[in-house]
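got a predicted model here, sequence first, then my questions.
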Amino acid sequence: MSDVSDVEVRVSVSWLRLREEADAAARSRVLVREVAEALSHNRTQVIHDLGAGSGSLGRWIAPRLPGPQHWVLHDRDEDLLWVARHDVPPDSRDELPVTVEARRDDLTRLSPDDVAGASLITASALLDMLTADELERVVRTCVSADCPTLFSLTVLGHVELSPPHPLDDELGDAFNDHQRRTVGGRTLLGPDAGAAASGLFAGFGSRVLVERSPWELDAHHGPLIGQWLTGWVGAAVEQRPELRREADAYLAMRRVELAEGRLRVRVDHVDVLALPGGERAGWTHGAPSG
């Protein structure tokens, strides 16, 4: 059986640092308040961060949760874990200490024993890179811990650029097809992952809350837009090579708009919070409300 480790997907520290500010601005404060309330009666929080990368989620959310907190960071990339270990989240909301430990492992192979005793399980910008089978294994493991699970910043497959251009939708469709591609025998969920996770948690009896968490990028985010745009167009052309000539001209035009400070980009994401017990909430026909 294939797993996520069969195909190496490396994310650079520089890219994670570049997007950290936009991620922080996008994440749902509503769901974090729900998490904080759910954890308010715990004496010590043990938080497992799946696909923790450089630890940016912990640095953002730890000061918004009660403490003390102990974060267990799971990732396959030793370089990213090194950064996370040496850039520890600040103190908790009530100025109590936050500690971290790093575990180099394949998050799709975690067992209930690996997360036993967790107060909270988190992940960020992760689910779209999983297959349906991998996501189900992850959700089963999370449910076994009988604690809140917060999956943030899962792409929805909807992008808006301003000023608009006739090629926007075609490139967007090609990019979404690329996100759902089959690679190394694995068919990725891409922008379907948020709805899939919500449905799985609901099927296991969790109370599911969903909030949109879009990137809203403007001239302040020039370097981030530049890298995102290059990757977005590049993936679309990889999926549909016949777009290359038009896409080259499109990318050149967008870079001029970016240099002039005129380009605005909205990239839709969704945050999903699963709480033990309750009924599904927030999804209508496969898309989040709000």
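Received, thanks. Numbering: from 1, shown residues only.

which parts of the chain are helices?
Applying DSSP state H to the chain gives helices spanning 13-26, 29-39, 56-61, 78-86, 132-144, 168-179, 193-203, 222-239, 244-259.

contacts for the fifth one?
Which is helix 132-144. With Cβ atoms under 8 Å, 6 or more residues apart in numbering as the test, helix 132-144 has contacts from 1, 3-4, 50, 107-112, 114-116, 121, 123, 127, 130, 149, 186-187, 189, 193, 196-197, 200-201, 204, 206, 274. In short, each C-beta sits where N, CA and C put it, glycine included.

most neighbours per residue, which of the helices of the chain?
Ranked by mean neighbour count, the helices of the chain are led by helix 56-61 with a mean of 24 (mean count of other Cβ atoms under 10 Å).

helices or strands next to it in the packing?
Applying 3 or more Cβ pairs under 8 Å, 6 or more residues apart in numbering; DSSP states H and E, we find helix 56-61 packed against helix 13-26, strand 45-50, strand 120-124.

put the alpha carbons of the last one into CSV.
In this case it means strand 120-124. Taking C-alpha atoms only, strand 120-124 is exported to CSV below (Å, rounded to 0.1, in the frame of the first residue of the first chain):
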residue,chain,number,x,y,z
LEU,A,120,-5.7,18.9,20.8
ILE,A,121,-4.6,17.7,17.4
THR,A,122,-3.8,20.3,14.7
ALA,A,123,-2.6,20.5,11.1
SER,A,124,-2.2,23.3,8.7
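
in this protein, what helix or strand scores lowest on average pLDDT?
The helix or strand of the chain with the poorest confidence is strand 283-284; it has a mean of 37 (mean pLDDT, DSSP states H and E).

residue closest to the middle of the chain?
The geometric centre of the chain, computed from its C-alpha atoms, lies nearest to residue 125 (Cα atoms, centre = their mean), at 1.5 Å.

grab the nearest non-local neighbour of it.
Nearest in space to residue 125, with sequence neighbours left out and distances taken as Cβ to Cβ, 6 or more residues apart in numbering, is residue 153 at 4.5 Å.

okay, now the unreliable bits of the stretch 151-290 of the chain?
The stretch 151-290 of the chain contains residues with pLDDT under 70 at 278-290.

go again with 50.
Applying pLDDT under 50 to the stretch 151-290 of the chain flags the ranges 280-287, 289-290.

need the CA coordinates for the top strand by length along the chain. CSV is fine.
Secondary structure of the chain per DSSP state E: the longest strand is strand 149-162. Only the C-alpha atoms of strand 149-162 are listed here, as CSV (Å, rounded to 0.1, in the frame of the first residue of the first chain):
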residue,chain,number,x,y,z
THR,A,149,-9.0,18.4,16.0
LEU,A,150,-8.3,21.6,14.1
PHE,A,151,-7.3,21.4,10.4
SER,A,152,-6.6,24.9,9.1
LEU,A,153,-5.9,26.4,5.7
THR,A,154,-7.1,23.7,3.4
VAL,A,155,-7.4,25.0,-0.2
LEU,A,156,-10.9,25.2,-1.7
GLY,A,157,-9.8,25.6,-5.3
HIS,A,158,-11.2,29.1,-5.7
VAL,A,159,-8.9,32.0,-6.6
GLU,A,160,-9.7,35.6,-7.5
LEU,A,161,-7.2,38.0,-9.0
SER,A,162,-7.8,41.7,-9.5
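
fine by me, thanks again.
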